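Trainee: Mind folding the following:
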Amino acid sequence: MPGPGPHMMYTLGSGQALMSISIGRFSPHHCLVYSINAFFGPDIGSFSEWLTSTLGLGGDLGSAIESVIHHPFYYFLVLGFPLSIFYSWASRILLHKGILDSISGVPLTRWQCFLLVAAGSLSHFFLDHLFEENGHSSMYTWILSTGWWKTRAPVNPDAVVVISFLCICLIGGFAYINRVKSSNSLRDKSHKSARLLLAIASLYCLWCASQIYLVSPRRAAVGEEADLGVLVFLATYFFLPHGLCIMSMNPILESVQHLPL
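Mentor: Model (predicted):
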């Protein structure tokens with residue numbers, strides 16, 4: 001599976017991108033909490049397993065901890081609250097001591113830290129699911145199972161109609177929401193575009209799932225493509241953690257609004 005380098009570089013890189021476009025709302029404090037929990041967070045379980053075995057405390061105890069903590073959701077559900085208290089305290093200390101900069105001038109709250117802990121855990125498994133177990137992880141195997149690999153995928157007319165209709169609605173709706181003469185603000189357009197994308201993605205996944213799990217015998221949902229697995233994976237391990245990072249951003253301050261880009 002990926003080591004410390006890829007986890008840190010992936011999350012620090014995406015965190016740096018958020019810092020550059022958020023005009024100070026996503027601070028170095030956000031970036032560090034996010035990246036630390038992506039790098040070392042869920043692997044605390046593996047470290048505990050190694051530590052208990054090394055100290056002779058019993059491998060069963062370490063294995064039990066590892067099985068609970070090394071999980072994309074259990075990690076922050078079990079440790080999210082205590083870690084958010086610690087990271088909020090550490091953010092306050094780093095800011096008051098002048099060690100780590102924050103354009104907003106305020107430390108991270110516990111809720112912001114909890115969101116970042118969750119985002120870090122999910123981003124950790126974004127890499128783990130793709131690049132561990134010699135490509136045979138349970139998640140990656142499921143993603144591929146939603147495709148059609150037995151024979152040449154048949155072209156079903158109803159699939160062509162449904163997928164074409166959904167894609168046309170997505171493109172046309174996006175263009176309509178962001179038309180030139182729209183009186184909506186940029187924020188309203190962004191929110192409406194996100195809701196449109198979520199609605200079309202849900203219908204797309206519903207169509208794929210119905211063809212794979214409800215129709216007997218199973219049919220090719222979108223040719224040979226594993227669209228259901230890909231969409232669920234990206235929604236859970238890419239868009240959701242970055243959405244949590246955005247939710248953790250500081251509110252827009254008057255002093256930040258006038259910062260030079």
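Trainee: The helix or strand Gln112 falls within packs against which elements?
Mentor: Assigned by DSSP states H and E, Gln112 falls within helix 110-131. Here helix 110-131 touches helix 4-21, helix 28-39, helix 74-96, helix 138-145, helix 240-247, going by 3 or more C-beta pairs under 8 Å, 6 or more residues apart in numbering; DSSP states H and E. (C-beta placed from N, C-alpha, C; glycine too.)
Trainee: in that helix, what counts as buried?
Mentor: 110, 112-130 (16 or more other C-beta atoms under 10 Å).
Trainee: and what of stretch 241-248?
Mentor: Using 16+ other C-beta under 10 Å as the test for burial, stretch 241-248 gives 241-242, 244-245, 248.
Trainee: Same question for stretch 227-246.
Mentor: For stretch 227-246, by 16+ other C-beta under 10 Å, it's 227-229, 231-233, 236-237, 239-242, 244-245.
Trainee: Specify the local secondary structure of the closest residue to Ile103 other than its chain neighbours.
Mentor: Leaving aside its chain neighbours, Ile103 sits nearest to Gly24 (3.3 Å; criterion: C-beta to C-beta, 6 or more residues apart in numbering). Of the three states, Gly24 takes coil according to DSSP: H, G, I helix; E, B strand; the rest coil.
Trainee: Which phi and psi values does Gly24 adopt?
Mentor: phi 90, psi -10 (degrees, to the nearest 10).
Trainee: ok, Phe39 - how many residues close by?
Mentor: 23 (other C-beta atoms under 10 Å).
Trainee: nearest residue to Phe233 other than its sequence neighbours?
Mentor: Ile143 (5.6 Å).
Trainee: Now for the one you found: which residues touch it?
Mentor: Ile143 sits next to 226, 229-230, 232-233 when contact means C-beta atoms under 8 Å, 6 or more residues apart in numbering.
Trainee: switch the cut-off to 7 Å
Mentor: 226, 229-230, 233 (C-beta atoms under 7 Å, 6 or more residues apart in numbering).
Trainee: Distance of it relative to Met8?
Mentor: 25 Å (C-beta to C-beta, to the nearest Å).
Trainee: Take the helices and strands packed on helix 110-131 and lay them out in CSV including mean pLDDT.
Mentor: CSV is the format used below for the helices and strands packed on helix 110-131 (pLDDT from 0 to 100):
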stretch, mean pLDDT
helix 4-21, 92
helix 28-39, 94
helix 74-96, 94
helix 138-145, 92
helix 240-247, 96
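Trainee: ranking the ones you listed by burial, who's on top?
Mentor: helix 28-39 (a mean of 25; mean count of other C-beta atoms under 10 Å).
Trainee: Return the distance of that one from the chain's centre.
Mentor: How far helix 28-39 lies from its chain's middle: 14 Å, per C-alpha atoms, centre = their mean, to the nearest Å.
Trainee: What would it look like as CSV? C-alpha coordinates only.
Mentor: Coordinates of each C-alpha in helix 28-39 appear next as CSV, following Å, rounded to 0.1, in the frame of the first residue of the first chain:
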residue,chain,number,x,y,z
PRO,A,28,-1.9,26.1,7.0
HIS,A,29,-3.6,24.9,10.2
HIS,A,30,-6.3,23.3,8.1
CYS,A,31,-3.7,21.8,5.7
LEU,A,32,-1.6,20.2,8.5
VAL,A,33,-4.6,18.6,10.3
TYR,A,34,-5.9,17.3,7.1
SER,A,35,-2.6,15.9,5.9
ILE,A,36,-1.5,14.4,9.2
ASN,A,37,-4.8,12.4,9.5
ALA,A,38,-4.4,11.2,5.9
PHE,A,39,-0.8,10.1,6.5
